[in-house]
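**Student:** task: produce atomic coordinates for the following.
(one chain, ligands or ions: 1)
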Amino acid sequence: MSGTVFPLPPDATIGIVGGGQLGRMSALAAARLGYRCHILSPEADCPAARVSAGHTCGDYEDRAALEEFASKVDVITFEFENVSAAGLELLAARKPVRPGVAILRISQDRVAEKAFLNGIGIPTAPWRLVESLAELQEASDAVGLPAILKTTRLGYDGKGQAMLRNAGDLGPGFKRLVPKPLVLEGFVDFSCEISVLVARGADGSIACFDPVENRHRDHILDLTLAPARIPTPTAATAKRIAHDVAEGLGLVGLLAVEMFVTADNRVLVNEIAPRPHNSGHWTIDACPASQFELHIRAVAGLPLPAAQRHSDAVMKNLVGPDEIGMWPKILATPGLIPHHYGKTEARHGRKLGHVTRLFPRDALPGPFGIAAALGSLAPPGDGSTL
Ligand code: AMP
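**Tutor:** Residues are numbered from 1 along each chain as shown. Model prediction:
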C-alpha cells in the first residue's frame, strides 16, 4: 500500500480529515515541525484549509474525494470522527491512519465506547442499550431516574440527548431522539467535569497533561481551568485512567478523556475523543509542546516530549456573534492571548475563537480572580460560581 516511512521527514504531507479549528491548530503545529498539511472537508473556505498547503473540497462519503485526498498525503489523521465505515476503510487501505480506524469506530458509538471502558475496568455512569420503549422502561428500572437518554452515534455538545426526570418523560424522550438505537445513562450528580489529554507514540511512550476543569454554558464548553481544582489523588486517578485508555486502545495519536468527578471524589468517564480537544487549547500558550504538537508528533512517528506546563491557564471560548464581537476589545486587553478561527459565518452557538490567560504555576486565582482576569468576557454575575 502506502510506502510511508516513519518517522515522517520534514516536507512530508499530513492529511487531516475535517476542516475546523482543531484541524487549523493541528496544521499550525505541523508547520512548525516542517510538515505540509492537506485537508479534506466539504466546506470550500474552511478554517483548516486557510493555513494548509492543500485542500480536497468534498464530502466525507464521496469516493472520488476520498481517493484524491489519500493520493496527496503520506499519513492521515482526523479532527472530525464521524466519517462512515466505508469512508474509513477506503482511507485506511491507502495510507496509514493514526489514530487507527478501530479506535475511531469505538469513539463513534457510545455503546462500543462504554463497553470498551468497562471491559478494561474503567468506571462510567451505569448504562443500558435501548432499542425499544419496552427496553427503555427496563433500563430506567435498572439505572434509576433521573437519567439521560442519548443517541449512540452522532451526538455532540449536548445534541441528541434528553433528560428523563420521571416516568412521564420516557415516551416523549424515546420518540424524539433519532437515530436509534439509544443509550440510557444514570444521571451523575458531579461536583465538576474534568478532562485529560493523553498522547501515545508509535513506540508506546505516553505523555499525559494534568487534568483540567471544564465549565459549560448551553451545553457548549465555555471555560477550561488548568489545572483542575481537585485533590491530588483524584488528579492521579484521572491521569491513570487516561493512561490506561490510551494503552488499552493501542493509541497512536492524541486522545481526550472527559470525566465526571463526584462529591466523594470518584472519577467516572463520560466519553473519549481520539483527537485534539477544545479543553486542551490552553496548552498552546501554557506549555512548551501543545496538545496539537503532541498529536502531530505521534502521527508522524516523532519522539514525544513531556506534557508539561510552564504556566497555569484559563481558556475562554468565543462562541457566537456576541462573543467574537468583543474581538477589538480582546485585542486591546493586556494579558489575553487571542485565537481567531477565521470562520466566514459567525452563527449563534458556533465556536469562533478562544482566548487564554496565563497565571504563574500553582497560582491559579480563585473564582473572583478568574472573573476579574477575564474582564468583560467573564460569565455574568460576580464570578462566585466559577
Ligand atoms: P456528552 O455529549 O455526553 O459529552 O454530554 C454533554 C454534557 O451533558 C456533559 O458535558 C455533561 O455536562 C452532561 N452530561 C452528559 N452525561 C451525563 C450524565 N450521565 N450525568 C450527568 N450529566 C451528564
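
**Student:** run through who's touching the helix or strand that contains Asp244.
**Tutor:** Under the criterion DSSP states H and E, the helix or strand holding Asp244 is helix 232-249. Residues external to helix 232-249 that are found in contact with it (Cβ atoms under 8 Å, 6 or more residues apart in numbering): 99, 102-103, 106, 116-117, 120-122, 194, 196-200, 204, 206, 208, 210-211, 227-228, 230, 251, 255, 257, 259, 261, 265, 267, 269, 272, 274. From N, CA and C alone the C-beta is placed, and that goes for glycine too.

**Student:** so which bits of that helix are buried?
**Tutor:** Within helix 232-249, the residues that qualify as buried are 234-235, 237-239, 241-246, 249, counting by 16 or more other Cβ atoms under 10 Å.

**Student:** cool, stretch 102-109 as well?
**Tutor:** Along stretch 102-109, the positions that meet the burial threshold by neighbour count (16+ other Cβ under 10 Å) are 103-104, 106-109.

**Student:** quick check: end-to-end length of stretch 215-234?
**Tutor:** 18 Å (Cα to Cα, to the nearest Å).

**Student:** give me the pLDDT for the spatially closest residue to Phe187 that is not a sequence neighbour.
**Tutor:** Leaving aside its sequence neighbours, Phe187 sits nearest to Pro146 (Cβ to Cβ, 6 or more residues apart in numbering; 4.2 Å). Pro146 is assigned 97 on the pLDDT scale.

**Student:** count of residues packed around Pro146?
**Tutor:** Burial of Pro146, expressed as a neighbour count using other Cβ atoms under 10 Å, amounts to 14.

**Student:** over to Leu302?
**Tutor:** Neighbours of Leu302 under the rule other Cβ under 10 Å: 17.

**Student:** that one: what's it in contact with?
**Tutor:** Neighbouring residues of Leu302 by Cβ under 8 Å, 6+ apart: 7-8, 33, 201, 296.

**Student:** does the ligand sit close to stretch 129-146?
**Tutor:** No: using Cβ under 6 Å from any ligand atom, stretch 129-146 stays clear of the ligand, coming no nearer than 8.4 Å.

**Student:** ok, and what's touching that stretch?
**Tutor:** By Cβ under 8 Å, 6+ apart, the surrounding residues in contact with stretch 129-146 are 111, 125-128, 147, 149, 152, 163-167, 170-171, 173-174, 180-187.

**Student:** that one: which residues count as buried?
**Tutor:** 130, 135-136, 139-140, 143, 145.

**Student:** dihedrals phi and psi, the residue nearest to Phe187?
**Tutor:** Geometry field for Pro146 lists phi and psi as phi -70, psi 160, criterion degrees, to the nearest 10.

**Student:** strands of the stretch 151-300 of the chain, start to end?
**Tutor:** 161-164, 182-186, 190-200, 206-208, 212-217, 220-226, 253-262, 267-273 (DSSP state E, counting those that start in this stretch).

**Student:** now distance to the ligand too, for those, in TSV please.
**Tutor:** As requested, the strands of the stretch 151-300 of the chain are exported to TSV (distance: least, Cβ to the nearest ligand atom, whole Å):
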stretch	distance to the ligand
strand 161-164	6
strand 182-186	4
strand 190-200	5
strand 206-208	20
strand 212-217	5
strand 220-226	8
strand 253-262	6
strand 267-273	5
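
**Student:** need the helix or strand of this structure with the lowest average pLDDT.
**Tutor:** Ranked by mean pLDDT, DSSP states H and E, the helix or strand of the chain with the weakest confidence is helix 367-374, at a mean of 90.

**Student:** with only the CA atoms kept, save it in PDB.
**Tutor:** This file holds the C-alpha atoms of helix 367-374, laid out as PDB (Å, rounded to 0.1, in the frame of the first residue of the first chain):
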ATOM      1  CA  PRO A 367     -13.300  32.400  41.300                       C
ATOM      2  CA  PHE A 368     -13.300  36.200  41.800                       C
ATOM      3  CA  GLY A 369      -9.700  36.400  40.500                       C
ATOM      4  CA  ILE A 370     -10.600  34.400  37.400                       C
ATOM      5  CA  ALA A 371     -13.600  36.600  36.700                       C
ATOM      6  CA  ALA A 372     -11.500  39.700  37.100                       C
ATOM      7  CA  ALA A 373      -8.800  38.400  34.800                       C
ATOM      8  CA  LEU A 374     -11.300  37.700  32.100                       C
END
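
**Student:** and that helix, what does it pack against?
**Tutor:** In terms of contact count using 3 or more Cβ pairs under 8 Å, 6 or more residues apart in numbering; DSSP states H and E, helix 367-374 is assigned the packing partners strand 311-319, strand 351-360.

**Student:** starting at the chain centroid, how far to the first one?
**Tutor:** What it means is strand 311-319. In terms of Cα atoms, centre = their mean, to the nearest Å, the centre of strand 311-319 is set 15 Å apart from its chain centre.

**Student:** between it and strand 220-226, how many degrees?
**Tutor:** 170 degrees (axes from the mean of the first three to the mean of the last three Cα atoms, to 10 degrees).

**Student:** contact residues of the stretch 251-386 of the chain facing the ligand?
**Tutor:** In this structure, the stretch 251-386 of the chain approaches the ligand at residues 258, 270-271, judged by Cβ under 6 Å from any ligand atom.

**Student:** who touches Ser195 in this structure?
**Tutor:** Counting by Cβ under 8 Å, 6+ apart, Ser195 makes contact with 211-212, 214, 256-259, 277, 279-280.

**Student:** how close does the closest residue to it other than its chain neighbours sit to Arg266?
**Tutor:** Counting by Cβ to Cβ, 6+ apart, the nearest residue to Ser195 once its immediate chain neighbours are dropped is Ser279, at 4.3 Å. When distances are taken as Cβ to Cβ, to the nearest Å, Ser279 and Arg266 turn out to be 20 Å apart.

**Student:** same question, Glu345
**Tutor:** As for Glu345, its distance to Arg266 is 41 Å (criterion: Cβ to Cβ).

**Student:** need the pLDDT of Cys99.
**Tutor:** Just to correct that, residue 99 is Pro rather than Cys. Predicted confidence (pLDDT) for Pro99: 97.
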